[in-house]
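Colleague: Provided below are the primary sequence and the corresponding predicted coordinates.
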Amino acid sequence: MVNSFLESCFQFCHQIKTKIVGHARAIDLVYNLIRRGSDLIEKDLFHLHKTVHTERGADVYKPVGGWKIEPNSTVIVSGNTQIIFEYAPPKDVPELMQNWLSLFQKTCRENAANKENALAAYVCLHVSFLRIHPFWDGNGRMARLIANIPVIRAGYPPIIIPKERRQEYIEALSEYHLAVGTVTAWSELLPEVDKLDRFKRFCAESWSESIKLVDNARRKQQERNQQKNKDIE
């Protein structure tokens, strides 16, 4: 089922690559990981980060294909206040990412059997990855790619965040970040999941648009095939 879906969806996904990460090779690598079928490992994440992060430099404090070595943060606007939100401390990243990889394997095995579970798996992996922010840059692109693996493995189109709704995406994530605080090596990766409702609704709405695009692509392909058959006759 998955293989046949991948083949039928592959051309469509190439048409929307830039909407996902803006880098065709990263999409190809993710689909190779899906076809491979084995567990995701640290080396896979490093390889994908190198592929996603096309701007290479020689700055030792900004490793490409390795965990961050300096703290990173974001500015969250809450009402009239700007809050500097710190992501996981660099020293905690190796342990946190081992925990995240274990969560990934568990989620892929258990939580993508139907559409609702596939959505839950995407949300879980996406948000927990971004809480850690394990790389100095490119974490959002990485999260959106990797979180789609269980979705596509289950035979569904990828969840694509529309560019025009980017601000809603950021606000939904920020709301959860502020609610649960900074993750550390001794804290839970995804606490208080009830506070993820807004982000989950946003992802569900975005996914419905992805599904429409796939359905339209399939319909057009069927029409082309029918026309070819008529021409042959």
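Modeller: Good, I have the coordinates.
Colleague: Could you list the buried residues of the lengthiest helix in the chain?
Modeller: Ranked by residue count, the top helix of the chain under DSSP state H comes out as helix 197-232. For helix 197-232, burial by neighbour count (16 or more other CB atoms under 10 Å) applies to Phe199, Lys200, Phe202, Cys203, Ser206, Trp207, Ser210, Leu213, Val214, Ala217. Heads up, the C-betas are built off the backbone N, CA and C, glycines and all.
Colleague: quick one: Arg131 from Asp137, how far?
Modeller: Separation of Arg131 from Asp137 (CB to CB, to the nearest Å): 16 Å.
Colleague: burial count for Ser38?
Modeller: Other residues within reach of Ser38, judged by other CB atoms under 10 Å, total 8.
Colleague: my bad, should have said Asp59
Modeller: Asp59, neighbours per other CB under 10 Å, totals 9.
Colleague: Tell me the secondary structure at it.
Modeller: The local conformation at Asp59, judged by DSSP: H, G, I helix; E, B strand; the rest coil, is coil.
Colleague: between Arg131 and Asp137, which one's more packed in?
Modeller: Arg131 (25 against 17).
Colleague: quick one: secondary structure of the residue nearest to the spatial centre of the chain?
Modeller: The centroid of the chain falls nearest to Arg144 when counting by CA atoms, centre = their mean (2.0 Å). What three-state DSSP gives for Arg144 is helix.
Colleague: May I ask you to confirm that it is in contact with Leu125?
Modeller: No - counting by CB atoms under 8 Å, Arg144 stays clear of Leu125, with 10.2 Å between them.
Colleague: Just name whatever secondary elements the helix or strand containing Tyr31 is in contact with.
Modeller: Using DSSP states H and E, Tyr31 maps to helix 24-36. In terms of contacts (3 or more CB pairs under 8 Å, 6 or more residues apart in numbering; DSSP states H and E), helix 24-36 is packed against helix 2-15, helix 17-20, helix 42-52, helix 139-146, helix 149-153.
Colleague: one more time with 6 Å, if that's ok
Modeller: Under the contact definition 3 or more CB pairs under 6 Å, 6 or more residues apart in numbering; DSSP states H and E, helix 24-36 sits against helix 42-52, helix 149-153.
Colleague: Compile the ones you listed into a markdown table and extend it with columns for mean pLDDT and mean neighbour count.
Modeller: Below are those laid out as a markdown table (pLDDT from 0 to 100; neighbours: other CB atoms under 10 Å):
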| stretch | mean pLDDT | mean neighbour count |
| --- | --- | --- |
| helix 42-52 | 93 | 19 |
| helix 149-153 | 92 | 22 |
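Colleague: between these, which gets nearest to Glu175?
Modeller: Proximity to Glu175 (CB to CB) singles out helix 149-153 among those, at 22.8 Å.
Colleague: in the helix or strand following the closest one, what counts as buried?
Modeller: Per DSSP H and E, the first helix or strand lying C-terminal to helix 149-153 is helix 166-180. For helix 166-180, the neighbour count (16+ other CB under 10 Å) marks Glu168, Tyr169, Ala172, Leu173, Ser174, Glu175, Tyr176, His177, Val180 as buried.
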